[in-house]
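# quick one, what's the 3D model for this:
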Amino acid sequence: MKKVVLSTLLAVASTALVQNYAVAQQAVNTGSQPSGQQQITLPPEQVSAYNAAEGKTDPGQKAAALDAFLTQYPDTPVKKYVLADEMTAYSQVDPAKTLATADKLLQIEPNNLRALTMEVYFRKAAADPLPDAAAKEAGLDVAVPFAEKGLAVAASKPDGMEQAEYDQLKALAVPTFYSTLANDAYGKKDYATAITNFKKELASVPVEQTQTPVPFLVDTLQLAQAYMNSAPPDLVACSFYAARFVAYAPDQFKPAGQQYANYCYKKFHGQDMAEYDSKVVPAAKAGIEPPAGFSLTPAKKPADIAHDVVTSTPDLTTLAQEDREFILANGTKEDADKMFSALKGKTYKITDAVVIAAPSATQLQVAVSDDAQVNKTADVTVNLKALEAPAEPSSKAPAVVAKYKREKKEYDDKLAALTTATAVGSKVSFSGTYDSYVTTPTLMIIMNDGDVELPEAKKPAAHTAPVHKPAAGKR
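This next block holds a predicted model:
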């Protein structure tokens, strides 16, 4: 199945994340009493410019003023704090300048959690909507090192950061880091790594957040697809996460998730949707992962289905041709042999077979079952009864010669009709006697004494004498 494009969902990503990245102001000693926070003494000539820049309320103007301050005073003792404020102000108006400022901040403070988060968030936000897979992957690749480092830094509270600020930043940053790693791995078809990180992402936030479209429901559907594409696929997990997406996604996106839910569920369980409605949907609504012991009843294996038919059918000769072939192809040797012993030596008429090949004038290879016809492969070989040409008469008597010519014409006409009827690609009906079968490399049934049903020859149109009408004006 093709991957669902969810760029529309991605496009509505909230800007609330960056708005919550307000840097805690560091107290700057400009002559006032100490406040208990970290104190930094600015040279007198910097105080006025610093206060003027920090006092601006418009994000764009504030960022530009802080940048100008650093241009004028590149070695100021508050450089990292000014860069942090500048980065936060730019995050509300200019992603490119946000990243450029984050780069500068990380050069002097490599473990700055806020800067690492900005790097990941904005690089991922730029890559996510790209329609070209290679370009998207390249964008995520650049974000991955920042995400990996961010997770390491976020594992413990950085020195100098208040606990409340750390908790708030970590709650926003960690799921973004995991989502980036997961999506990058998914693009590389590393589904095991993608699954691990998608699940960590969902587990890193309160359960109610996992019910919001971006990014959590988008990544929930990606998680379902990762399970589906794994080798071997985990179709039960795919069903669960696709159903969870459907449960909470906006209505216009539910069909996209439902096709994955249906595909994975039916592939594992079969066409009956009862367990999907009674088990999968309630469990998917209730939690972000399947409950302990969650399972579905697997569909019966073809051999089991064949065995059930063989043991429950009193007269196997009454089965339809499709069912006979299913048992011969999928049943155990015992069941297949039992099926064929009921057919061997018996003559059946088969209609609407498709000619796949005609190796000789007396043999056809035809597709009888629906699968064989769809795949254009032969599943029955028919050895035809040979047409016998009349022997040339030894007598030259007119009556004998006339009889020979009449029989020869009938033979030629039948041979021509047979050749036309059995052309490759034609549909034919024939009768034949079951003789043997093989199952490797695929099922092939051999029938002897084949007799193709030929269309009846058209009778010449009856001659009708023309009707002569009197000329106009005559009676």
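
# so residue 434 belongs to a helix, correct?
No: assigned with DSSP: H, G, I helix; E, B strand; the rest coil, residue 434 falls outside any helix and is strand.

# that one and residue 308, how far apart?
Here residue 434 is placed at a distance of 23 Å from residue 308 (CB to CB, to the nearest Å). Using the backbone N, CA and C atoms, a C-beta is placed for each residue, glycine as well.

# quick one: which of these two has more around it?
More neighbours surround residue 434 than the other of residue 434 and residue 308, with 21 against 12 (other CB atoms under 10 Å).

# is it true that the more buried one touches residue 350?
No: if you go by CB atoms under 8 Å, residue 434 and residue 350 don't touch, sitting 10.6 Å apart.

# which residue ranges form the helices in the stretch 201-350 of the chain?
Taking DSSP state H, counting those that start in this stretch as the test, the helices found in the stretch 201-350 of the chain are 218-229, 235-248, 254-269, 274-275, 281-286, 302-312, 321-330, 333-343.

# redo these as a markdown table? Include mean pLDDT and distance to residue 385.
Compiled in a markdown table, the helices of the stretch 201-350 of the chain are given as follows (pLDDT from 0 to 100; distance: least, CB to CB, whole Å):
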| stretch | mean pLDDT | distance to residue 385 |
| --- | --- | --- |
| helix 218-229 | 97 | 52 |
| helix 235-248 | 98 | 50 |
| helix 254-269 | 95 | 45 |
| helix 274-275 | 95 | 52 |
| helix 281-286 | 98 | 60 |
| helix 302-312 | 93 | 32 |
| helix 321-330 | 91 | 21 |
| helix 333-343 | 96 | 19 |
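
# nearest to residue 112, out of those helices?
Counting by CB to CB, residue 112 lies closest to helix 218-229 out of those; the figure is 25.9 Å.

# relative to helix 235-248, how tilted is the closest one?
160 degrees (axes from the mean of the first three to the mean of the last three CA atoms, to 10 degrees).

# now do helix 218-229: which elements does it pack against?
Applying 3 or more CB pairs under 8 Å, 6 or more residues apart in numbering; DSSP states H and E, one finds that helix 218-229 contacts helix 163-187, helix 191-203, helix 235-248, helix 254-269.

# buried deepest among those helices, which one?
Per residue and on average, the most neighbours among the helices and strands packed on helix 218-229 fall to helix 235-248, with a mean of 25 (mean count of other CB atoms under 10 Å).

# got the angle for it vs helix 254-269?
160 degrees.

# quick one: stretch 264-280 to chain centroid distance?
With CA atoms, centre = their mean, to the nearest Å as the basis, stretch 264-280 stands 18 Å off its chain's centre.

# and what of stretch 398-414?
The chain centre lies 65 Å from the centre of stretch 398-414; the measure is CA atoms, centre = their mean.

# same deal with stretch 209-216?
Stretch 209-216 sits 21 Å away from the centroid of its parent chain (CA atoms, centre = their mean).

# ends of that stretch, what's the gap?
In terms of CA to CA, to the nearest Å, the two terminal residues of stretch 209-216 are separated by 7 Å.

# so which bits of it are buried?
By neighbour count with 16 or more other CB atoms under 10 Å, stretch 209-216 contains the buried residues 210, 211, 213, 215, 216.

# again, but for stretch 96-104
Using 16+ other CB under 10 Å as the burial criterion, the residues of stretch 96-104 that qualify are 97, 98, 99, 101, 102, 104.

# now, which of these sits nearest residue 248?
Lowest distance from residue 248 to the buried residues of stretch 96-104 (CB to CB) belongs to residue 98, with 30.6 Å.

# host element of that closest one?
Applying DSSP states H and E as the criterion places residue 98 in helix 95-108.

# what's that helix in contact with?
Around helix 95-108, the neighbours that count as contacts under CB atoms under 8 Å, 6 or more residues apart in numbering are 18, 63, 67, 79-80, 83-84, 86-87, 90-91, 112, 115-116, 118-119, 122-123, 125-126.

# with respect to residue 378, which of the helices of the stretch 201-350 of the chain lies nearest?
Nearest of those to residue 378, taken as CB to CB: helix 321-330 at 11.9 Å.

# which parts of the closest one are buried?
Counting neighbours by 16+ other CB under 10 Å, helix 321-330 gives 321, 323, 324, 325, 326, 327, 328, 329, 330 as buried.

# what of stretch 122-140?
By 16+ other CB under 10 Å, the buried positions in stretch 122-140 come out as 122-130, 136-137, 139-140.

# would you list those residues in CSV and tack on distance to residue 178?
Formatted as CSV, these follow (distance: CB to CB, whole Å):
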residue, distance to residue 178
122, 17
123, 15
124, 11
125, 15
126, 18
127, 16
128, 15
129, 20
130, 20
136, 18
137, 18
139, 17
140, 13
